[in-house]
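S.K.: Sequence plus predicted model, see below.
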Amino acid sequence: MIDLRPFDGEYPLVSVIIPSYQHEPYLAALFASIEGEVYPNIEVIIIDDGSMDRSVEFISVWADRMNGRIPVRWSTRANRGVTATLNDLVAQATGKYVTAIHTDDYLLPGGLMARVRYLEEHPEKQAVFADALAIDEKGVEVAGSAIRNIHGGRPEQYGTDRGLRREVINRWAVPGGTLMMRRD
């Protein structure tokens with residue numbers, strides 16, 4: 001069961017930043033997962049980085065449909081690459097916490113709440129990430145641990161600061177869509 005209690009009477013704002021490029025077939029699942037997220041205080045910021053498919057149209061329709069239910073800001077531009085897009089998204093984020101999710105990924109219910117709870121309970125930590133399921137283009141699970149099966153990491157080493165440092169430095173076995181950091 002997901003612990004939905006607020007932190008000191010409030011829920012810190014989480015900026016969900018989304019670099020978009022050529023992923024129209026995956027947007028419905030991503031946007032449905034955002035709509036189903038239980039964490040109550042998010043903003044969504046999307047930059048479409050020059051998609052040639054119908055991604056921009058899909059994003060526009062979804063953002064209009066949210067109509068204030070979830071604050072969504074989005075823009076489109078000529079392709080500049082994912083690194084420049086992520087940098088621009090972070091610059092636009094206003095939340096206490098920032099998490100990036102790519103358009104071919106989606107959120108699991110309660111994942112944002114769990115990561116915020118960890119960071120709120122551990123003010124000495126700057127970031128947190130979790131393991132992820134790997135799925136194919138049909139939504140079929142292909143790996144129960146992205147850390148182990150996709151990135152070649154050893155999740156059992158992540159329980160200590162030393163083990164975590166070694167795994168991150170040696171393997172960078174961090175599923176990008178689960179990384180949440182303090183904006184500051």
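M.R.: Yep, that arrived.
S.K.: Sheet partners, orientation included, of the helix or strand of the chain with the lowest mean pLDDT?
M.R.: Every helix and strand in the chain was compared by mean pLDDT, DSSP states H and E; the lowest is strand 134-135, with a mean of 76. Strand pairing for strand 134-135, determined by DSSP bridges: strand 141-143 (antiparallel).
S.K.: which residues touch the partner strand?
M.R.: By CB atoms under 8 Å, 6 or more residues apart in numbering, the surrounding residues in contact with strand 141-143 are 133-136, 149-150. Backbone N, C-alpha and C define where each C-beta goes, glycine included.
S.K.: and the next element down the chain from that strand?
M.R.: With elements assigned by DSSP states H and E, the helix or strand that comes after strand 141-143 is helix 161-171.
S.K.: Enumerate the positions of that following helix that are buried.
M.R.: Glu167 (16 or more other CB atoms under 10 Å).
S.K.: before we move on, the earlier item: and which of the contacts of strand 141-143 is nearest Gln22?
M.R.: Distance to Gln22, by CB to CB, is smallest for Asp136 among the contacts of strand 141-143, at 17.1 Å.
S.K.: So the closest one versus Val142, what's the distance?
M.R.: 5 Å (CB to CB, to the nearest Å).
S.K.: Next: Glu37.
M.R.: Distance of Glu37 to Val142, computed by CB to CB: 24 Å.
S.K.: of those two, who's got more company?
M.R.: Between Glu37 and Val142, counted using other CB atoms under 10 Å, the more crowded position is Glu37 (20 against 12).
S.K.: ok, that one - contacts?
M.R.: Contacts of Glu37 (CB under 8 Å, 6+ apart): 107, 109, 111-112.
S.K.: Tabulate those residues (JSON lines), appending secondary structure.
M.R.: Below are the contacts of Glu37 laid out as JSON lines (DSSP: H, G, I helix; E, B strand; the rest coil):
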{"residue": "Leu107", "secondary structure": "coil"}
{"residue": "Pro109", "secondary structure": "coil"}
{"residue": "Gly111", "secondary structure": "helix"}
{"residue": "Leu112", "secondary structure": "helix"}
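S.K.: most distant residue from the middle of the chain?
M.R.: Arg162 (25.3 Å; CA atoms, centre = their mean).
S.K.: how far away is that one from Glu121?
M.R.: 21 Å.
S.K.: again, but for Leu30
M.R.: Leu30 sits at a distance of 28 Å from Glu121 (criterion: CB to CB).
S.K.: And those two? Which one has more around it.
M.R.: It is Leu30, of Leu30 and Glu121, that has more neighbours when counted by other CB under 10 Å, with 23 against 9.
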